[in-house]
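Novice: Here you go, sequence then predicted model.
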Amino acid sequence: MNERRLERNKIFSAVFLMASASIGPLFLMSTADLTIQFYERLAFVIIITGIIELGIQMNIWRILTVAKTPAHLVINKIIPNFGTFMSVVVLLGGIAFNIINISGLGIGISLLFNVDIKLGASIGLMIAILFYLLNRNRITLETFIGVMLSFIIAIILLAYAFTATDVPYDVTLAKTVLPMIDYDIVTTIAMMVALSIGGYISFAGAHRLIDVEITGEKYKTAVTRSAAYSVIIVTVTRLLLFFTILGLSRSNVILFKDNLLESAFSEVFGGLGSYALGILFICASLTSIVSVAYTTGTFIKSVNDIIKKYIDVVLLMLVLTSWFIFLLKGEEVVLLQITTILNGLILPVILGGILHASRRSDIVGHYRHPLWLSIYGVLSLAVSFILVFILIYELL
């Protein structure tokens, strides 16, 4: 019984890690902004994004855990050294993504204590690093991620509860079933896929399972189910936040476009709105920072023995690099574009290699990948390639 409980905890640590990697400050801000841009039409975008994510995640998690090998090492077996190159791209994307996460941490501290965002980010990050150094052997990754993610979902769920009766569900359903698809909707799907599971995010859960030895055909069903759970958590959380903003906007509440989330939370929670939003941003930022660092580490620690030996120091230096760039440059639009492009490019390239690997006996042994999952994966791959090209064209 204890062994089964331990296995279940390991699996859920991967689910929580992937979900927390996706639900960062950029997730919160982009969902709010897009709701005001598309209103009820955004529901279609969220659902389609979730369907694409599901096909990608189930294939990645299942194939990598059966192969018992991280994504970049699988790619190296197909194209020598290309996986190492992709690890460098993941590293650069992680640094860029963490600049945004550190900015979100600064916003959260600023909302709670009314200090400058850069000062708030510095204070919050230093406290987090100190806490990590003092408690590295006392608190597990799954405990930290689980607690933080619980706070995030609880706050968003509570906000939704206050606005649930104002949401035009009938109109939203109609525009989801019979959507009006235009170029803006397609580019938004491309951006949402890139930011939800692009780059390091799509490999966070699978690499975690490999680290905790939930591997082999024995776990293939549990792994596939867990991949689905992670996508469902992300999609439902986005829908709840979308419904919250939509309900407020359709009930004639004035929401300031320059500060959508703060005005929305002030309307829902009154004088406590800035505090609730501050806690939400802090939790989302910290979990994303940890997820970026952890997943980046799984990519680079195999480069050489020195990096593997001092991986904690290397990851700490990478986080501090993101912090230093944030202090010098801030969160610039070009940085958001670079992050989105890097995340978007990594996903289809590595996914294509992983799908090919599922047919290689030297990688997966005698395992036979289900036909339906292969078809789902290939369709998701084709769509993601098209979306990446559209995204790059739009941003450049």
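Specialist: Looks like it came in fine. In this text, all values refer to a predicted model and were calculated from it rather than measured experimentally. Numbering: from 1, shown residues only.
Novice: Tell me where the model's unsure across the stretch 51-200 of the chain.
Specialist: Counting by pLDDT under 70, the low-confidence segments of the stretch 51-200 of the chain come to 134-139, 199.
Novice: Please enumerate the helices of it.
Specialist: Applying DSSP state H, counting those that start in this stretch to the stretch 51-200 of the chain gives helices spanning 71-78, 82-113, 117-135, 141-163, 169-177, 183-197.
Novice: do you know which of those helices lies nearest residue 327?
Specialist: Distance to residue 327, taken as CB to CB, is lowest for helix 117-135 among the helices of the stretch 51-200 of the chain, at 5.9 Å. Using the backbone N, CA and C atoms, a C-beta is placed for each residue, glycine as well.
Novice: Please name every helix or strand in contact with that closest one.
Specialist: If contacts are counted by 3 or more CB pairs under 8 Å, 6 or more residues apart in numbering; DSSP states H and E, helix 117-135 sits against helix 82-113, helix 273-300, helix 311-329.
Novice: List the buried residues in the last one.
Specialist: Translated: helix 311-329. 311, 314-315, 318-319, 322-323, 325-326 (16 or more other CB atoms under 10 Å).
Novice: circling back: okay if I get the helices and strands packed on helix 117-135 as CSV plus distance to residue 204?
Specialist: CSV is the format used below for the helices and strands packed on helix 117-135 (distance: least, CB to CB, whole Å):
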stretch, distance to residue 204
helix 82-113, 11
helix 273-300, 4
helix 311-329, 14
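Novice: ok, so of the buried residues of helix 311-329, who is nearest residue 386?
Specialist: Among those, residue 322 lies closest to residue 386 (CB to CB), at 30.9 Å.
Novice: roughly how far apart are the nearest residue to the closest one once chain neighbours are set aside and residue 255?
Specialist: Sequence neighbours aside, residue 98 is the residue nearest to residue 322 in space, at 3.8 Å (criterion: CB to CB, 6 or more residues apart in numbering). Distance of residue 98 to residue 255, given as CB to CB, to the nearest Å: 29 Å.
Novice: got it, and residue 186?
Specialist: 26 Å.
Novice: And for residue 217?
Specialist: Residue 217 is 51 Å from residue 255, by CB to CB.
Novice: what about those two, which has more around it?
Specialist: residue 255 (18 against 15; other CB atoms under 10 Å).
Novice: Name all residues that make contact with the more buried one.
Specialist: Residue 255 sits next to 36, 245, 248-249, 263-264, 267 when contact means CB atoms under 8 Å, 6 or more residues apart in numbering.
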